[in-house]
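Asks: Fold the following.
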Amino acid sequence: MTVSRALLVLALLGLASCGRVSQLEPAKGQSLPVKPLLARTTPSADDLLTPPTYARPDRVDELMKRSTARTVDPFDLPPPTGGAAPAQPAGTDPTPVTNETGPVAPQ
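Replies: Numbering: from 1, shown residues only. A predicted model of the protein is given here:
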């Protein structure tokens, strides 16, 4: 029984592995797509199946090997007043915010 199963498995593997590999061509009666307007020549089947470089960009997975100082950023400038935002006096709350809608009084 096991010999017949082994032969059956080998026969199925042999049948599955016998495939024919050939160049891709359009079906009978069909042609390749027409030449794009800005292309110099009509692309072949291999050209159409090759992804452009922007479709598979290179990844940069380089990890930081050592800690380095940040470079000076010429656009990282302090505020024009020369310091941080003014601090509010202690104990004062910012202006209250309400969700009420109603007529607006002109100021």
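Asks: Output the below-cut-off pLDDT ranges for this protein.
Replies: 1, 17-21, 62, 64, 79, 82-97, 99, 101-104, 106-107 (pLDDT under 70).
Asks: The helix ranked longest in the chain: what's the following helix or strand?
Replies: Longest helix in the chain, counting residues (DSSP state H): helix 2-17. Using DSSP states H and E, the next helix or strand after helix 2-17 towards the C-terminus is helix 45-49.
Asks: quick one, what contacts the residue nearest to Thr42 when sequence neighbours are not counted?
Replies: Leaving out its chain neighbours, the residue that sits closest to Thr42 by CB to CB, 6 or more residues apart in numbering is Lys35, at 4.2 Å. Glycine gets a C-beta too; all of them are placed from N, C-alpha and C. Taking CB atoms under 8 Å, 6 or more residues apart in numbering, we find Lys35 in contact with 41-43.
Asks: I'd like those written out as JSON lines, with neighbour count and distance to Phe75 added.
Replies: Below are the contacts of Lys35 laid out as JSON lines (neighbours: other CB atoms under 10 Å; distance: CB to CB, whole Å):
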{"residue": "Thr41", "neighbour count": "8", "distance to Phe75": "46"}
{"residue": "Thr42", "neighbour count": "13", "distance to Phe75": "48"}
{"residue": "Pro43", "neighbour count": "15", "distance to Phe75": "44"}
